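[1] Here you go, sequence then predicted model.
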Amino acid sequence: MSPYVILTITAFSMVLGTLITASSSHWLIAWMGLEINTFAIIPLMTQKHTPRAMEAAIKYFIVQTTATAVLLFASVSNAWMLGQWNIQQMSHPLTITMVYVALALKLGLAPLHAWFPEIIQGLSLVTGFILATWQKLAPISFILQLPNCNPMLITSLGLLSILTGGWGGLNQTQLRKILGYSSIAHLGWMMLVIQHMPMLALTAFIVYVVTTFFLFFSFWLTQTTTINALSTSWTKTPIISTTSSLILLSLGGLPPLTGFFPKLLILAELTEQNLALTATVAALSTLLSLYFYLRLSYAMVLTTPPNTLPAALPWRINFTKPTLLLASSSTLSLLIMPLSPMLSMYLLNS
């Protein structure tokens, strides 16, 4: 079979699984959508038949199967105790806690996060981007349909994820692991506000997808996977390096860049919900993430690589791959902030 046909079927299955989960209110149908979404990405993980990729695919399969098994057990238990198969009508505290734990495992929220950085390290940058963004949509849509019966659990998962995402990325040298811990931290911010203002959580997710797309795509174009390799990027791709450093600081939430906009609105919403202590802990925990983002920016822009070769490093790289997506994503990542007053008014009115 042609690789293009397999890629088309895989992409269609991922989209179909996400849409089934997002549009269904029945437990079994939503569970089926999660399973389709899980199995669809495994062929992409095993495109390169390396031991590291195969290990990542097997780990992902085991973790996701465990989470969906717990989810199925919780849904069957809820139907047995309450006679309800509707997601919105789950009210038993035990079953809904099991569902939140299973979805936290699927998303990679702390303290059930240990699988995510290890798996994303074994994947290509393109597949890693899909795992960090699109594969989160189905579980998040599941959480949006659940009744708000256990706000303390969701808040605890969010705060632990922000702390773990910042703390775990401090001592890393591999870019994919750093981006994995970044995904954990940003998911924590979404979990903090998803029970109070779902539209704001969705906005934070969209901003994260737009900004992180540029980083994954630029690292894929320059074939950069470690911090040491970043130190040579300035002499080869100065424009991409400058833009990447700004977007890294934006991911860390440094004002007045784009990433500061959703974090500011989330902190304001938490304060309005009388969760000032939670907002303070989340804001202070962001400093950990900002530190390793600043470390990456320093390596890209302010570090001159050692040159022991007789010839100088090339000043530019002639790209044979299309860079239109790179230009458009960088423009969106840096220009969303001027539109923030209009977006905030839309969110407040909705």
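    Happy to help now that I have it.
[2] where does the protein dip in pLDDT?
    Within the chain, the stretches falling below the threshold (pLDDT under 70) are 1, 304-323, 337-350.
[3] quick one: the helices in the stretch 1-150 of the chain?
    Using DSSP state H, counting those that start in this stretch, the helices found in the stretch 1-150 of the chain span residues 3-23, 27-45, 51-82, 93-107, 115-121, 125-132, 137-145.
[4] right, so of those helices, which gets closest to residue 326?
    Ranking the helices of the stretch 1-150 of the chain by distance to residue 326, with CB to CB as the measure, places helix 125-132 first at 12.8 Å. Any C-beta I mention is one placed from the backbone N, CA and C, and that applies to glycine too.
[5] Now mean neighbour count and distance to residue 235 too, for the helices of the stretch 1-150 of the chain, in CSV please.
    Listed next are these as CSV, based on neighbours: other CB atoms under 10 Å; distance: least, CB to CB, whole Å:
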stretch, mean neighbour count, distance to residue 235
helix 3-23, 15, 35
helix 27-45, 20, 33
helix 51-82, 17, 29
helix 93-107, 20, 39
helix 115-121, 22, 27
helix 125-132, 21, 21
helix 137-145, 20, 38
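[6] Can you tell me which of those is nearest to residue 206?
    Proximity to residue 206 (CB to CB) singles out helix 137-145 among those, at 10.9 Å.
[7] can I get the helices of the stretch 1-150 of the chain in a markdown table with distance to residue 250?
    Formatted as a markdown table, those follow (distance: least, CB to CB, whole Å):
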| stretch | distance to residue 250 |
| --- | --- |
| helix 3-23 | 26 |
| helix 27-45 | 27 |
| helix 51-82 | 28 |
| helix 93-107 | 23 |
| helix 115-121 | 21 |
| helix 125-132 | 16 |
| helix 137-145 | 22 |
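[8] so which of these comes closest to residue 154?
    If we rank the helices of the stretch 1-150 of the chain by CB to CB, the stretch that ends up nearest is helix 93-107, at 6.8 Å.
[9] Okay, angle between the closest one and helix 51-82 too, please.
    Per axes from the mean of the first three to the mean of the last three CA atoms, to 10 degrees, the angle that helix 93-107 makes with helix 51-82 is 160 degrees.
[10] Please renumber the chain so that the first residue is 5 from this point on.
    Yes, from this point I'll number from 5; that puts the last item at helix 97-111.
[11] which residues are contacting helix 97-111?
    Helix 97-111 has contacts (CB atoms under 8 Å, 6 or more residues apart in numbering) with 38, 67-68, 70-72, 74-75, 77-79, 81-82, 85, 94, 116, 140, 143-144, 146-147, 150-151, 153-154, 157-158, 161, 191.
[12] coming back round to it: tell me which of the helices of the stretch 5-154 of the chain sits nearest to residue 184.
    Scanning the helices of the stretch 5-154 of the chain with CB to CB as the criterion, the closest one proves to be helix 119-125, at 3.8 Å.
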